[in-house]
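In: return a 3D structure for these sequence lines:
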Amino acid sequence: MLSSLEDQVGPINRVHVHDGLLAHHEDLRIGWYLGTPEVNLSAQLTRILEKVLQQLRRGPVVIFGSSAGGFAALTQGEALPDTIVVAANPQTVLERYEPNLYRAWLEIGGWIPSGDPFPSPSRITVRTDLRKNPGPYRPRHTYLLLNINDKLHVGSHALPWMEENAGGRAISVVAGSTWGPNHAPAPRQLLESFLKRVIDSADGQGPVTHGGSLGQMIPNASLGEVRSTFLPYKLESESLNAEIDIRNDGVRFSVRDPKPGKAVTVSAGLRAKGRPIFHTHLLSMELRKNGEEYRGPMQDTVWSSHPLIGHFVYLPLWDGHSRFMKTFTPPPDVSIVGVRFCQWVKGTDAHVFLTDVLIMGTEPTGEALEVELGKDGQSS
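Out: Here you go, the predicted model:
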């Protein structure tokens, strides 16, 4: 890709970086350029790049990476001075990524013995959560290239990272709607064109302000602008200040201005550890019909046979982080008044935590319905 870029902009001093841990372990698919407990690959990479840039630097450095490479690009952009970062569909919080891939890195990299429970983040001596402990520098500009069909990376990685960083640095977001399903990368030709404009901007032309064919550009994006682009709902919700343990009676959120027949969509981040976790925790809708609604506490099995507890589903859990998203549509004479995350059978050893939640109400016509979150039935 860079070779064809050189045909357009002339010779480029470039450094290609490969994750050395992957070269030594064929079974490892992803390593985030972090290394092992004995070898902090991220710190070593910073030192190598500092030496190389002393010889090659001619101005701002553009750091590009996709997926795990996007994680590394964001990391190095805070470790090196005067950079421009382009991160495509990056992970930002490894605990929130696919548990099997995260576990493979922990086990093969030597962080935990095979089969051990996931460790507390404090036991991992490299930075696995880019919302916390930022490096000494701030990039001149950061471009997040996001596939709007990639709910995991948008909801569990990009938005939480922006919540911590949108106010303190220059960030622009490109929302790609034609890249393909799920985690599909940006088409190569469109990405080349965008990177050319980023390279041109590094020569003093100012930041890129439009995404071209790559996607919709949100220049100098605020968190609200990004949410409204990726979530086509009017919503009221922030990431939780602290994770909520949803064992036993769990946590209840109230819906503001509930209306008969109006659908509610729930998007939640969940972190689970321990056994068993299959069919142990629920999400349920609390309903109102003809002025009657369910407000009482749940009992021994948490689940209630009360007729105004409806639309319950088992939460799809596995060790590590997962994301749940589902739309609930009540009958035309029934209103959804509350949403509860809780435990199905009390006493299980499994621990499940709610890390973030969005609750969105939508009219069947597509008009937005405001939704408000409040714990234990209280409005917020």
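In: which residues touch residue 68?
Out: With contacts defined as CB atoms under 8 Å, 6 or more residues apart in numbering, residue 68 is in contact with 19, 30, 31, 32, 33, 90, 91. C-betas here are computed from N, CA, C, even on glycine.
In: between those, which is nearest residue 340?
Out: Of all those, residue 340 sits closest to residue 91, with 30.0 Å by CB to CB.
In: for the stretch 201-350 of the chain, just list every one of the helices.
Out: 223-230 (DSSP state H, counting those that start in this stretch).
In: and what of the stretch 51-200 of the chain?
Out: Counting by DSSP H, counting those that start in this stretch, the stretch 51-200 of the chain has helices at residues 68-79, 99-108, 151-153, 159-165, 188-200.
In: buried ones in stretch 181-189?
Out: For stretch 181-189, a neighbour-count test (16 or more other CB atoms under 10 Å) marks 183, 185, 186 as buried.
In: quick revisit: which of the contacts of residue 68 are buried?
Out: Using 16+ other CB under 10 Å as the burial test, these include 19, 30, 31, 32, 33, 90, 91 as buried.
In: how about these in CSV, adding pLDDT, secondary structure and distance to residue 112?
Out: Listed next are those as CSV, based on pLDDT from 0 to 100; DSSP: H, G, I helix; E, B strand; the rest coil; distance: CB to CB, whole Å:
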residue, pLDDT, secondary structure, distance to residue 112
19, 94, coil, 19
30, 95, coil, 16
31, 96, coil, 15
32, 97, coil, 16
33, 97, coil, 19
90, 97, coil, 24
91, 96, coil, 19
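In: okay, strands next: where are they in the stretch 151-300 of the chain?
Out: 171-176, 216-218, 244-245, 251-254, 263-273, 281-289, 292-293 (DSSP state E, counting those that start in this stretch).
In: mind putting these into CSV with distance to residue 359, mean neighbour count and mean pLDDT?
Out: Shown next, in CSV, are the strands of the stretch 151-300 of the chain (distance: least, CB to CB, whole Å; neighbours: other CB atoms under 10 Å; pLDDT from 0 to 100):
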stretch, distance to residue 359, mean neighbour count, mean pLDDT
strand 171-176, 22, 23, 94
strand 216-218, 24, 17, 91
strand 244-245, 14, 14, 84
strand 251-254, 6, 20, 84
strand 263-273, 6, 21, 83
strand 281-289, 11, 22, 88
strand 292-293, 17, 13, 86
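In: quick one, which of those gets closest to residue 322.
Out: Nearest to residue 322 among the strands of the stretch 151-300 of the chain is strand 263-273 (5.3 Å), distances taken as CB to CB.
In: hey, what's the angle from that closest one to strand 281-289? Just curious.
Out: With axes from the mean of the first three to the mean of the last three CA atoms, to 10 degrees defining the directions, strand 263-273 sits at 160 degrees from strand 281-289.
In: could we number from 666 for the rest of this?
Out: That works, and once the first residue is 666, the last one we named lands at strand 928-938.
In: got the contacts of residue 733 as TSV, with distance to residue 956 columns?
Out: Below are the contacts of residue 733 laid out as TSV (distance: CB to CB, whole Å):
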residue	distance to residue 956
684	60
695	53
696	58
697	54
698	59
755	49
756	47
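In: and the buried residues of stretch 846-854, which is closest to residue 996?
Out: residue 848 (36.5 Å).
In: can you give me phi and psi for the closest one?
Out: phi -90, psi 20 (degrees, to the nearest 10).
In: which non-adjacent residue is nearest it?
Out: residue 815 (5.1 Å; CB to CB, 6 or more residues apart in numbering).
In: and the one you found, how far from residue 753?
Out: The spacing between residue 815 and residue 753, counted by CB to CB, to the nearest Å, is 10 Å.
In: thinking again about what came up before, which one of the contacts of residue 733 is nearest to residue 971?
Out: Distances from residue 971 to these, taken by CB to CB, are shortest for residue 756, at 41.2 Å.
In: does the closest one touch residue 732 like I think?
Out: Yes: if you go by CB atoms under 8 Å, residue 756 and residue 732 touch, sitting 6.8 Å apart.
In: so for stretch 977-991, what gets flagged as buried?
Out: The neighbour-count check on stretch 977-991 (16+ other CB under 10 Å) flags 980, 982, 984, 985, 986, 987, 988, 989 as buried.
In: ends of it, how far apart?
Out: For stretch 977-991, the first-to-last residue distance is 11 Å (CA to CA, to the nearest Å).
In: then stretch 802-821?
Out: With CA to CA as the measure, what separates the two termini of stretch 802-821 is 24 Å.
In: mean confidence for that stretch?
Out: When pLDDT is averaged along stretch 802-821, the result is 89.
In: how far is it from where the chain is centred?
Out: 9 Å (CA atoms, centre = their mean, to the nearest Å).
In: hmm, residue 888 is touching residue 825, no?
Out: No: under the criterion of CB under 8 Å, residue 888 makes no contact with residue 825, lying 10.1 Å away.
In: quick one: which of those two has more around it?
Out: Remark: of residue 888 and residue 825, residue 825 carries more neighbours, 20 against 16, as counted by other CB atoms under 10 Å.
In: for that one, give me its contacts.
Out: Taking CB under 8 Å, 6+ apart as the test, what residue 825 contacts is 757, 758, 761, 796, 904, 1021.
In: kindly report the same for residue 978.
Out: Contacts were defined as CB under 8 Å, 6+ apart; by that measure residue 978 touches 947, 948, 949, 991.
In: distance of it from residue 678?
Out: 54 Å.
In: ok, residue 920 touching residue 995?
Out: No: taking contacts as CB under 8 Å, residue 920 lies outside contact range of residue 995: 11.0 Å.
In: overlap of the contact sets of the two?
Out: Contact criterion CB under 8 Å, 6+ apart; residues shared by residue 920 and residue 995: residue 1001.
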